[in-house]
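> this one's structure only:
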């Protein structure tokens with residue numbers, strides 16, 4: 001599934017969830033010696049979606065990954081969402097040569113992401129998050145001819161904890177800078193393994209309120 005399909009599925013999920021919860025209310029009672037007041041309070045459901053850019057290290061080479069993320073507000077501090085990332089292969093120089101020919105790495109991963117958010121100051125939020133999911137690796141020979149061999153593919157599992165600082169730019173719009181550590185498991189693909197696929201990332205992202 002490519003990233004655009006991830007994002008489409010995310011929007012459909014949030015839209016359906018919001019429609020289902022739109023009519024829910026909570027009844028709150030206030031009592032004292034003089035009066036009794038019943039107030040209907042509408043429940044609020046917030047969801048954010050946005051794009052992310054990551055600077056990553058794969059096999060000691062730097063690259064850029066583009067991602068799409070979406071979050072559903074669980075309570076005051078916790079958010080649950082999904083995220084998907086794809087390596088921009090034209091911005092990454094793979095060192096791997098196949099039969100003397102340069103190759104291009106196709107890498108993508110995604111999964112569930114849980115975030116804890118703490119408001120440090122008005123419009124400034126400290127965020128701890130962790131992504132758990134899986135991904136795919138595939139080498140392709142550059143300028144591939146019709147009879148070039150298929151280099152196969154490999155699948156892996158990963159855990160990626162991170163930290164970021166979010167700032168409210170405007171109503172419903174946030175910008176953030178952050179860092180994370182990608183830990184891969186089960187990688188056995190040519191010159192790539194668990195160690196060479198794991199590494200520190202730096203990131204920047206925007207979040208937009210969906211509803």
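Structure received. Keep in mind that what you see is a predicted model, and the values were worked out from it rather than measured.

> Does residue 167 touch residue 176 like I think?
Yes - here residue 167 reaches residue 176: they are 7.0 Å apart, a contact under CB atoms under 8 Å. (Each C-beta comes from the backbone N, C-alpha and C, glycine too.)

> higher neighbour count, those two?
Neighbour count, other CB atoms under 10 Å: between residue 167 and residue 176, residue 176 has more, with 17 against 13.

> Next, the more buried one: phi, psi?
Backbone torsions for residue 176, taken as degrees, to the nearest 10, come to phi -150, psi 150.

> Would you mind measuring from it to residue 112?
Note on residue 176: its distance to residue 112, by CB to CB, to the nearest Å, is 19 Å.

> any idea of the mean pLDDT for the helix or strand hosting residue 157?
Take DSSP states H and E as the rule and residue 157 turns out to sit in strand 154-170. Strand 154-170 shows a mean pLDDT of 97.

> residues of that strand that come out buried?
154, 156-158, 160, 162, 164, 166 (16 or more other CB atoms under 10 Å).

> Please spell out which residues along the longest strand seen in the chain are buried.
Across the chain, the strand with the greatest residue count (assigned by DSSP state E) is strand 101-121. The neighbour-count check on strand 101-121 (16+ other CB under 10 Å) flags 103-111, 113, 115, 117 as buried.

> Adding distance to residue 77 and pLDDT, write the residues you listed out as CSV.
Formatted as CSV, these follow (distance: CB to CB, whole Å; pLDDT from 0 to 100):
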residue, distance to residue 77, pLDDT
103, 44, 84
104, 42, 86
105, 37, 90
106, 37, 91
107, 32, 94
108, 30, 96
109, 26, 98
110, 24, 98
111, 21, 98
113, 15, 98
115, 9, 96
117, 6, 93
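
> circling back to that earlier point, the strand holding residue 157 to strand 101-121, inter-axis angle?
Compare the direction of strand 154-170 with that of strand 101-121 by axes from the mean of the first three to the mean of the last three CA atoms, to 10 degrees and you get 40 degrees.

> Given strand 154-170, what are its sheet partners and their directions?
With DSSP bridges as the test, strand 154-170 is paired with strand 124-141 (antiparallel), strand 173-185 (antiparallel).

> any chance of the ones you listed in JSON lines, plus distance to residue 74 and mean pLDDT?
What follows is the strands paired with strand 154-170, written out as JSON lines (distance: least, CB to CB, whole Å; pLDDT from 0 to 100):
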{"stretch": "strand 124-141", "distance to residue 74": "13", "mean pLDDT": "95"}
{"stretch": "strand 173-185", "distance to residue 74": "17", "mean pLDDT": "97"}
